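> dropping the sequence and predicted coords here.
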Amino acid sequence: MPAAPASAAAPVAAAVEAPAPETGARSLKDISRSAARRAECEMIARMLHRTRWNRKETAEILGIGYKALLYKIKENGLDKVPSLHERHPLPPSRRRP
């Protein structure tokens, strides 16, 4: 593959080396971390709901340790959610007798 002309590489290099503007722009790394945290929180909440808040089963499904799950529940504020069971009730066919 032929090398790109120097003039084509200059804008790319300038964009990479330029500092982020002071307009509140976040770095790609920050955006990625934030998206990963949101996805992790959503998955934990979904699994907790699916297992009816059985934390041991949730940890096994997610492939993490029980204590790690407890830490993530607290870190993401899921322990302070008023009542996930009331907000997302199970359908009658899935409720315990």
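Happy to help now that I have it. Numbers count the residues shown, from 1 in each chain.

> what helix or strand is Ala39 located in?
Assigned by DSSP states H and E, Ala39 belongs to helix 28-50.

> which strands or helices does that helix pack on?
If contacts are counted by 3 or more CB pairs under 8 Å, 6 or more residues apart in numbering; DSSP states H and E, helix 28-50 sits against helix 55-62, helix 66-75, helix 84-87. Where C-beta positions appear, they are placed from N, C-alpha and C, glycine not excepted.

> Leu48: which of those helices is closest?
helix 55-62 (5.4 Å; CB to CB).

> got a list of contacts for that closest one?
43-44, 47-48, 50-51, 65-66, 68-70, 73 (CB atoms under 8 Å, 6 or more residues apart in numbering).

> how far away is Arg37 from Glu57?
23 Å (CB to CB, to the nearest Å).

> show me which residues of stretch 45-57 are buried.
By 16 or more other CB atoms under 10 Å, the buried positions in stretch 45-57 come out as 45, 47-49.
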